[in-house]
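Q: Below are the sequence and a predicted model; questions follow.
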Amino acid sequence: MAEVDVLILGGTWSSDGDPVTEAFSTALDPIWFRPRMVAYPADYGRQISYAASRTAGMNALAREVAASPNRVVIVGYSQGAGIAGDFAAEVGTGFYPGLRAKVAACGLIADPLRPHRTALGADPGGYGILGQRSIPHIPTYWVAAERDPITSLPAGSPLRSVADLTEYWCLASPGAFLKWGQSVVDRANRPAGWQRWWHSTGRKHVVDTVDWTRGYLVDGRHTTAYVAEGHCAALAEAVAREVNIPVFSA
(Lines give C-alpha, C1' and ligand atoms only; values in the text may rest on other atoms or scores of the structure.)
Protein backbone atom coordinates (compact mmCIF):
# COMPACT_ATOMS: atom_id res chain seq x y z
CA MET A 1 0.00 0.00 0.00
CA ALA A 2 1.47 3.36 -1.05
CA GLU A 3 2.16 6.17 1.39
CA VAL A 4 -0.15 9.17 1.57
CA ASP A 5 1.13 12.74 1.77
CA VAL A 6 -0.97 14.91 4.08
CA LEU A 7 -0.58 18.58 3.19
CA ILE A 8 -1.69 20.83 6.06
CA LEU A 9 -2.43 24.56 6.05
CA GLY A 10 -2.30 26.09 9.53
CA GLY A 11 -4.48 28.81 10.97
CA THR A 12 -3.96 32.57 11.01
CA TRP A 13 -0.39 33.51 12.05
CA SER A 14 0.43 29.81 12.50
CA SER A 15 1.77 28.66 9.16
CA ASP A 16 4.32 26.43 10.91
CA GLY A 17 1.65 24.64 12.93
CA ASP A 18 -0.16 24.87 16.25
CA PRO A 19 -1.60 22.52 18.90
CA VAL A 20 -4.67 21.79 16.75
CA THR A 21 -2.80 20.73 13.60
CA GLU A 22 -0.26 18.89 15.77
CA ALA A 23 -3.06 16.89 17.44
CA PHE A 24 -4.41 15.91 14.05
CA SER A 25 -0.99 14.92 12.70
CA THR A 26 -0.10 12.76 15.69
CA ALA A 27 -3.41 10.90 15.37
CA LEU A 28 -2.36 9.62 11.93
CA ASP A 29 -0.51 6.33 11.51
CA PRO A 30 3.12 7.32 10.74
CA ILE A 31 3.64 4.09 8.81
CA TRP A 32 1.31 5.21 6.04
CA PHE A 33 0.85 8.97 6.39
CA ARG A 34 3.43 11.69 5.81
CA PRO A 35 1.96 14.90 7.27
CA ARG A 36 3.68 18.21 6.66
CA MET A 37 2.81 21.87 6.97
CA VAL A 38 2.51 23.92 3.79
CA ALA A 39 4.15 27.33 4.11
CA TYR A 40 1.98 30.32 3.25
CA PRO A 41 1.55 33.82 4.77
CA ALA A 42 -1.36 32.90 7.12
CA ASP A 43 -1.89 36.63 7.58
CA TYR A 44 -5.02 38.64 8.30
CA GLY A 45 -4.19 42.28 7.83
CA ARG A 46 -0.82 42.69 9.52
CA GLN A 47 1.32 42.63 6.38
CA ILE A 48 -1.15 41.42 3.76
CA SER A 49 -4.91 40.94 3.65
CA TYR A 50 -6.77 37.67 4.12
CA ALA A 51 -7.59 37.74 0.40
CA ALA A 52 -3.89 37.94 -0.52
CA SER A 53 -3.02 35.24 2.01
CA ARG A 54 -5.71 33.03 0.48
CA THR A 55 -4.25 33.45 -3.02
CA ALA A 56 -0.76 32.59 -1.78
CA GLY A 57 -2.09 29.54 0.06
CA MET A 58 -3.95 28.28 -2.99
CA ASN A 59 -0.81 28.60 -5.11
CA ALA A 60 1.32 26.87 -2.48
CA LEU A 61 -1.09 23.94 -2.29
CA ALA A 62 -1.16 23.57 -6.07
CA ARG A 63 2.64 23.38 -6.16
CA GLU A 64 2.82 20.85 -3.32
CA VAL A 65 0.14 18.56 -4.77
CA ALA A 66 1.76 18.66 -8.21
CA ALA A 67 5.16 17.82 -6.73
CA SER A 68 3.98 14.88 -4.62
CA PRO A 69 4.61 11.39 -6.07
CA ASN A 70 1.88 9.93 -3.82
CA ARG A 71 -1.80 10.21 -3.17
CA VAL A 72 -2.56 13.41 -1.29
CA VAL A 73 -4.92 14.41 1.51
CA ILE A 74 -5.50 18.14 1.91
CA VAL A 75 -6.12 19.40 5.44
CA GLY A 76 -6.62 22.87 6.87
CA TYR A 77 -7.42 24.56 10.16
CA SER A 78 -9.28 27.87 10.49
CA GLN A 79 -7.98 30.23 7.75
CA GLY A 80 -6.10 27.23 6.39
CA ALA A 81 -9.36 25.27 6.25
CA GLY A 82 -10.99 28.02 4.24
CA ILE A 83 -8.15 27.92 1.74
CA ALA A 84 -7.83 24.12 1.65
CA GLY A 85 -11.57 23.79 1.10
CA ASP A 86 -11.55 26.38 -1.68
CA PHE A 87 -8.66 24.56 -3.34
CA ALA A 88 -10.42 21.19 -3.06
CA ALA A 89 -13.56 22.72 -4.56
CA GLU A 90 -11.59 24.00 -7.54
CA VAL A 91 -9.89 20.61 -7.99
CA GLY A 92 -13.28 18.91 -7.84
CA THR A 93 -14.76 21.19 -10.48
CA GLY A 94 -11.86 20.62 -12.88
CA PHE A 95 -9.89 23.86 -12.45
CA TYR A 96 -6.71 21.79 -11.95
CA PRO A 97 -7.31 18.85 -14.33
CA GLY A 98 -3.89 17.35 -13.73
CA LEU A 99 -4.37 17.16 -9.97
CA ARG A 100 -7.82 15.60 -9.61
CA ALA A 101 -6.58 11.99 -9.60
CA LYS A 102 -4.00 12.72 -6.87
CA VAL A 103 -6.33 14.27 -4.27
CA ALA A 104 -7.78 11.38 -2.27
CA ALA A 105 -9.60 13.36 0.41
CA CYS A 106 -9.95 16.70 2.19
CA GLY A 107 -10.21 17.29 5.94
CA LEU A 108 -11.28 20.65 7.35
CA ILE A 109 -11.02 21.81 10.96
CA ALA A 110 -13.03 24.92 11.91
CA ASP A 111 -13.72 25.83 8.29
CA PRO A 112 -15.04 29.42 7.97
CA LEU A 113 -17.01 28.25 4.90
CA ARG A 114 -18.43 25.03 6.35
CA PRO A 115 -21.91 24.21 5.02
CA HIS A 116 -24.58 23.55 7.63
CA ARG A 117 -25.15 19.98 8.81
CA THR A 118 -21.84 18.65 7.51
CA ALA A 119 -19.77 18.07 10.66
CA LEU A 120 -18.59 14.68 11.88
CA GLY A 121 -20.31 13.68 15.11
CA ALA A 122 -22.98 15.80 16.76
CA ASP A 123 -24.22 18.74 14.70
CA PRO A 124 -22.96 21.98 16.33
CA GLY A 125 -25.51 24.04 14.37
CA GLY A 126 -24.88 27.08 12.24
CA TYR A 127 -22.36 27.31 9.42
CA GLY A 128 -19.15 29.16 8.53
CA ILE A 129 -18.72 32.84 9.36
CA LEU A 130 -17.83 33.56 5.71
CA GLY A 131 -20.82 31.64 4.35
CA GLN A 132 -21.15 28.14 2.88
CA ARG A 133 -19.10 26.42 0.19
CA SER A 134 -19.74 23.02 -1.39
CA ILE A 135 -16.89 20.72 -2.45
CA PRO A 136 -17.93 18.45 -5.34
CA HIS A 137 -16.26 15.14 -6.25
CA ILE A 138 -13.63 15.25 -3.46
CA PRO A 139 -14.45 13.22 -0.32
CA THR A 140 -14.47 15.90 2.36
CA TYR A 141 -14.86 15.71 6.13
CA TRP A 142 -15.50 18.62 8.48
CA VAL A 143 -15.11 18.90 12.24
CA ALA A 144 -16.73 21.82 14.02
CA ALA A 145 -16.86 22.61 17.72
CA GLU A 146 -20.07 23.86 19.28
CA ARG A 147 -20.00 27.63 19.92
CA ASP A 148 -17.02 28.18 17.62
CA PRO A 149 -18.07 31.38 15.80
CA ILE A 150 -15.67 30.73 12.92
CA THR A 151 -17.42 27.58 11.77
CA SER A 152 -20.67 27.13 13.76
CA LEU A 153 -22.10 30.64 13.72
CA PRO A 154 -25.90 31.04 13.64
CA ALA A 155 -27.34 32.50 10.45
CA GLY A 156 -28.59 35.59 12.30
CA SER A 157 -25.30 36.73 13.85
CA PRO A 158 -24.00 40.28 13.28
CA LEU A 159 -20.47 38.82 13.39
CA ARG A 160 -20.99 37.87 9.74
CA SER A 161 -20.58 41.53 8.78
CA VAL A 162 -17.17 41.59 10.48
CA ALA A 163 -16.02 38.79 8.17
CA ASP A 164 -17.49 40.52 5.12
CA LEU A 165 -15.77 43.81 5.93
CA THR A 166 -12.28 42.48 6.65
CA GLU A 167 -11.50 40.23 3.67
CA TYR A 168 -9.15 42.87 2.21
CA TRP A 169 -8.33 44.65 5.49
CA CYS A 170 -4.66 45.61 5.73
CA LEU A 171 -2.78 48.58 7.21
CA ALA A 172 0.68 47.63 5.94
CA SER A 173 0.69 50.63 3.58
CA PRO A 174 -1.58 53.48 2.44
CA GLY A 175 -2.13 51.62 -0.83
CA ALA A 176 -3.28 48.51 1.01
CA PHE A 177 -5.70 50.58 3.10
CA LEU A 178 -7.14 52.19 -0.04
CA LYS A 179 -7.57 48.77 -1.62
CA TRP A 180 -9.57 47.68 1.43
CA GLY A 181 -11.80 50.75 1.13
CA GLN A 182 -12.41 50.06 -2.55
CA SER A 183 -13.25 46.42 -1.77
CA VAL A 184 -15.97 47.56 0.65
CA VAL A 185 -17.47 49.83 -2.02
CA ASP A 186 -17.28 47.08 -4.65
CA ARG A 187 -18.95 44.56 -2.35
CA ALA A 188 -21.73 47.01 -1.53
CA ASN A 189 -22.45 47.43 -5.25
CA ARG A 190 -22.81 43.69 -5.85
CA PRO A 191 -26.33 42.21 -5.56
CA ALA A 192 -25.13 39.44 -3.25
CA GLY A 193 -22.20 41.34 -1.76
CA TRP A 194 -23.15 40.99 1.90
CA GLN A 195 -24.34 38.11 4.03
CA ARG A 196 -27.83 39.33 4.96
CA TRP A 197 -27.86 38.02 8.50
CA TRP A 198 -30.53 40.57 9.46
CA HIS A 199 -33.04 38.78 7.20
CA SER A 200 -32.59 35.51 9.08
CA THR A 201 -35.31 34.07 11.27
CA GLY A 202 -32.61 33.69 13.94
CA ARG A 203 -32.66 37.35 14.99
CA LYS A 204 -32.45 36.33 18.64
CA HIS A 205 -28.78 35.57 17.98
CA VAL A 206 -28.10 39.32 17.75
CA VAL A 207 -28.12 39.52 21.53
CA ASP A 208 -25.76 36.51 21.79
CA THR A 209 -22.86 38.24 20.05
CA VAL A 210 -20.94 38.77 23.29
CA ASP A 211 -21.26 35.09 24.19
CA TRP A 212 -20.03 33.96 20.76
CA THR A 213 -17.13 36.40 20.93
CA ARG A 214 -16.22 35.10 24.37
CA GLY A 215 -16.25 31.56 22.99
CA TYR A 216 -13.62 32.61 20.48
CA LEU A 217 -11.44 34.84 22.66
CA VAL A 218 -11.69 33.27 26.12
CA ASP A 219 -13.32 29.85 26.20
CA GLY A 220 -11.15 28.08 23.62
CA ARG A 221 -14.04 27.08 21.37
CA HIS A 222 -11.88 27.75 18.29
CA THR A 223 -8.68 26.24 19.69
CA THR A 224 -8.44 23.86 22.65
CA ALA A 225 -11.92 22.42 22.09
CA TYR A 226 -10.71 20.66 18.94
CA VAL A 227 -8.09 18.75 20.91
CA ALA A 228 -9.89 18.22 24.22
CA GLU A 229 -13.16 17.08 22.66
CA GLY A 230 -11.58 14.66 20.20
CA HIS A 231 -12.41 16.48 16.96
CA CYS A 232 -8.86 16.16 15.58
CA ALA A 233 -8.74 12.45 16.36
CA ALA A 234 -12.15 11.92 14.75
CA LEU A 235 -11.01 13.66 11.58
CA ALA A 236 -7.84 11.58 11.41
CA GLU A 237 -9.92 8.41 11.72
CA ALA A 238 -12.32 9.52 8.97
CA VAL A 239 -9.45 10.35 6.62
CA ALA A 240 -7.79 6.99 7.28
CA ARG A 241 -10.98 5.12 6.48
CA GLU A 242 -11.48 7.14 3.32
CA VAL A 243 -8.09 6.19 1.91
CA ASN A 244 -8.45 2.56 3.06
CA ILE A 245 -5.78 2.61 5.74
CA PRO A 246 -6.38 0.89 9.11
CA VAL A 247 -7.26 3.28 11.92
CA PHE A 248 -4.18 4.13 13.98
CA SER A 249 -4.09 3.15 17.64
CA ALA A 250 -1.32 4.96 19.49
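A: Looks like it arrived, so ask away. Numbers count the residues shown, from 1 in each chain.
Q: For the rest of this, base every contact and every neighbour count on C-alpha atoms.
A: Fine.
Q: Just name the shakiest helix or strand of the chain by mean pLDDT.
A: Across the helices and strands of the chain, the lowest-confidence element by mean pLDDT, DSSP states H and E is helix 174-188, at a mean of 42.
Q: Could you point out the helix or strand that follows it?
A: Counting by DSSP states H and E, the next helix or strand C-terminal to helix 174-188 is helix 209-217.
Q: what does that following helix contact?
A: R147, D148, P149, S157, P158, L159, R221, H222 (Cα atoms under 8 Å, 6 or more residues apart in numbering).
Q: average pLDDT for the helix or strand following it?
A: Sequence order places helix 224-228 as the next helix or strand after helix 209-217, per DSSP H and E. Here helix 224-228 scores 98 as its mean pLDDT.
Q: Find the centremost residue of the chain, please.
A: Closest to where the C-alpha atoms of the chain average out (Cα atoms, centre = their mean) is A81, at 1.8 Å.
Q: Can you verify that residue is assigned to a strand?
A: No. Secondary structure of A81 (DSSP: H, G, I helix; E, B strand; the rest coil): helix, not part of a strand.
Q: neighbouring contacts of the biggest helix by length in the chain?
A: Ranked by residue count and defined by DSSP state H, the top helix of the chain is helix 50-67. For helix 50-67, contacts defined as Cα under 8 Å, 6+ apart pick out 7, 9, 38-44, 72, 80, 83-84, 86-87, 99, 102-103, 166-169.
Q: rerun that using 7 Å as the cut-off
A: By Cα atoms under 7 Å, 6 or more residues apart in numbering, the surrounding residues in contact with helix 50-67 are Y40, P41, A42, D43, Y44, V72, I83, F87, L99, E167, Y168.
Q: Turn those residues into CSV, columns for secondary structure, distance to R241 and neighbour count.
A: Listed next are these as CSV, based on DSSP: H, G, I helix; E, B strand; the rest coil; distance: Cα to Cα, whole Å; neighbours: other Cα atoms under 10 Å:
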residue, secondary structure, distance to R241, neighbour count
Y40, coil, 29, 22
P41, coil, 31, 23
A42, coil, 29, 26
D43, coil, 33, 21
Y44, coil, 34, 21
V72, strand, 14, 26
I83, helix, 23, 30
F87, helix, 22, 24
L99, coil, 21, 15
E167, coil, 35, 20
Y168, coil, 38, 25
